[in-house]
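Chemist: For reference, the sequence and a predicted model appear below.
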Amino acid sequence: MFYFFLACAMLIAGYFVYGKIVEANFGVDNCRVTPACRLEDGVDYVKMDPKKIYLIQLLNIAGLGPIFGPILGALYGPAALVWIVLGSIFAGAVHDYFAGMLSVRYDGKSIPDAVGYNLGAFAKQFMNVFSIVLLLLVGVVFVLGPAKLLANKIGFELDKPTAVAIWTGIIFAYYFLATILPVDKIIGRLYPLFAVCLIIMAVGLTTMLIVDGYDFFPNGVGLANVHPKGLPLWPLMFITIACGAISGFHATQSPLMARCIPDEKCGRPIFYGAMIGEGIIALVWATLGMSFYKTPEALQAVLTAGGPAAVVDQVATTLMGPIGGFLAIIGVIILPISSGDTAFRAARLIIADFSKIAQKDAIKRLMIAVPLFAVGYIITKLPFSVIWRYFGFSNQLLATIVLWAGAMYLVRHGKFHWIASLPAAFMTAVVATYSCVAPEFPLHFGTNIAYPIGVAVAVACFVLFMLKARNTAVVADAPDSPGSIG
């Protein structure tokens, strides 16, 4: 129990200490008028209360990732806790902060534009395509996941595939409405309430774990890899836990709230702080996976039989009873649904930015949303396991690119780039190594070959970055307007 609360305390301390360092290095300026005030359109640019924005941001970024990912990561043992803490403080929260604040500085533009302004035109075009693909994968994952959970609880007395199909249709219909309606009509009103339910769920499950007398980490807190299938901790754990420590998906969500914040000082609590909140949720579920089940083999057995959704169902129902368990599961269902709709919304905005289609008129929003959802429906026909694997890799690759963009922004402004460039180099090693060992990729090497390749790619990218940084003119007060630097 001590180690769990120590990990939580470290995350909170990270927000107050390292978060302030990141904020000071970025250089917030409350004299700047934010996009919400300057470009208000009543649809996407809508000024809102910072407390409400924080809760919306937390819900937007906390899909299935901080639950399913840490449950799967728990198979590796307490090393998962270390990565959640360190990853959230030094990588994930830094990534989210720059994704949000760069959007604020660039008129609320989506992340491909923010990357393009700092890494060049090719990076922007790559990110336009890559971000939309990732968001479609996210949207589909966050349709099928909650649909399966709902079918388990409310099956309409139908067979499982039919019940899942019905719930998939219902969730898609909701996503469509949330994608095209103004941000303050559904998202702004309901999501703060949903976020409170999420927090209650996490606190309730942890409390019942203590009340019922479960031993926290019954197999000890050593950092040895205990995965029952013997899967290598590096780099698989860092891809598996994903959103619980760092997530590129967050970079697609932060600009949604960047269009709503009233001043730049809100950036640290909203962007950096929401990632710390997600890290705590990830700690809860990783701890439940390691403590509710006495051995990794017991956890693996449930995962094999029904996947992470079965673990959520069993843990919640056992610890909180039928009613409390049902409410806890509803809280878990809210997470992916509230991220899936904003995934499609973010995809609509990226396409709108790229094609320069104004989104104030409903008919223009429909022009983008209808074909977007048609493609999403087609993707639902692929096996869920395949979608999830590609989502995990794409997610971390996007996070890596955004960190490099943040590092280059700091170079251009004469700032201390290491807070972004070091985690960028680390994540480069993660994704490069994973692409060499994962079975879904053509280069399927052994670890003795994949590990050196991963390190070499990371070193090469860092050297290229330093060469680029050396040749980049530094202007401390460089203009942030896209029209000036695009």
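Modeler: On my side now, so go ahead.

Chemist: Can you list the buried residues in the helix or strand hosting Asn60?
Modeler: Using DSSP states H and E, Asn60 sits in helix 50-61. By neighbour count on 16 or more other Cβ atoms under 10 Å, the buried set for helix 50-61 is Pro50, Lys52, Ile53, Tyr54, Leu55, Ile56, Gln57, Leu58, Leu59, Asn60, Ile61. (Glycine included, C-beta is placed from N, CA and C.)

Chemist: Spatially nearest residue to Ile337 (excluding sequence neighbours)?
Modeler: The shortest distance from Ile337 to any non-neighbouring residue, by Cβ to Cβ, 6 or more residues apart in numbering, is to Pro146 (5.2 Å).

Chemist: what's the distance between that neighbour and Pro371?
Modeler: Distance of Pro146 to Pro371, computed by Cβ to Cβ, to the nearest Å: 24 Å.

Chemist: Looking at these two now, which is surrounded by more residues?
Modeler: Just comparing Pro146 and Pro371: by other Cβ atoms under 10 Å the higher neighbour count belongs to Pro146, 26 against 11.

Chemist: For the more buried one, which residues are in contact?
Modeler: Neighbour list for Pro146: Trp167, Ile171, Ile333, Pro336, Ile337, Gly340 [criterion: Cβ atoms under 8 Å, 6 or more residues apart in numbering].

Chemist: Dump the residues you listed into CSV; add distance to Ala99 and secondary structure as well.
Modeler: What follows is the contacts of Pro146, written out as CSV (distance: Cβ to Cβ, whole Å; DSSP: H, G, I helix; E, B strand; the rest coil):
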residue, distance to Ala99, secondary structure
Trp167, 31, helix
Ile171, 26, helix
Ile333, 26, helix
Pro336, 20, helix
Ile337, 22, helix
Gly340, 19, helix
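
Chemist: Identify, from the residues you listed, the entry nearest to Asn128.
Modeler: For the contacts of Pro146, the minimum distance to Asn128 (Cβ to Cβ) is 20.7 Å, reached by Gly340.

Chemist: burial measure for the closest residue to that closest one other than its chain neighbours, as a count.
Modeler: Once flanking residues are discounted, Gly340 sits nearest to Phe142: 3.1 Å by Cβ to Cβ, 6+ apart. Phe142: 27 surrounding residues under other Cβ under 10 Å.

Chemist: quick one on the thing from earlier: element containing the residue nearest to Ile337, please.
Modeler: Assigned by DSSP H and E, Pro146 belongs to helix 121-153.

Chemist: Would you agree the residue nearest to Gly340 is in contact with Ile334?
Modeler: No. Using Cβ atoms under 8 Å, Phe142 is not in contact with Ile334; the gap is 10.9 Å.

Chemist: Overlap in contacts, the two.
Modeler: Common neighbours of Phe142 and Ile334 (Cβ under 8 Å, 6+ apart) do not exist.

Chemist: could you redo the contacts of Pro146 as JSON lines and give each row pLDDT and neighbour count?
Modeler: Listed next are the contacts of Pro146 as JSON lines, based on pLDDT from 0 to 100; neighbours: other Cβ atoms under 10 Å:
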{"residue": "Trp167", "pLDDT": "88", "neighbour count": "22"}
{"residue": "Ile171", "pLDDT": "86", "neighbour count": "23"}
{"residue": "Ile333", "pLDDT": "76", "neighbour count": "22"}
{"residue": "Pro336", "pLDDT": "74", "neighbour count": "27"}
{"residue": "Ile337", "pLDDT": "76", "neighbour count": "23"}
{"residue": "Gly340", "pLDDT": "75", "neighbour count": "29"}
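
Chemist: Would you mind measuring from Val211 to Leu205?
Modeler: Counting by Cβ to Cβ, the gap from Val211 to Leu205 is 11 Å.

Chemist: nope, Thr447 is what I meant
Modeler: Here Thr447 is placed at a distance of 35 Å from Leu205 (Cβ to Cβ).

Chemist: The two: who's more crowded?
Modeler: Higher neighbour count among Thr447 and Leu205: Leu205, with 24 against 14, using other Cβ under 10 Å.

Chemist: Now do the SS call for that one.
Modeler: Recorded secondary structure, Leu205: helix (DSSP: H, G, I helix; E, B strand; the rest coil).

Chemist: how near is Ala202 to Ala346?
Modeler: 25 Å.

Chemist: neighbour count winner among these two?
Modeler: Neighbour comparison, Ala202 and Ala346: the larger count goes to Ala346, with 28 against 24 (by other Cβ under 10 Å).

Chemist: who touches that one in this structure?
Modeler: Ser110, Ser131, Leu135, Thr252, Gln253, Pro255, Leu256.

Chemist: Apart from its chain neighbours, what residue comes closest to the first one?
Modeler: Spelled out, that is Ser110. Nearest residue to Ser110, sequence neighbours excluded (Cβ to Cβ, 6+ apart): Ile350, at 4.4 Å.

Chemist: Excluding sequence neighbours, find me the nearest residue to Tyr451.
Modeler: Nearest non-adjacent residue to Tyr451, counting by Cβ to Cβ, 6+ apart: Thr433, 6.2 Å away.

Chemist: Now name the helix or strand holding that neighbour.
Modeler: Counting by DSSP H and E, Thr433 is found in helix 418-437.
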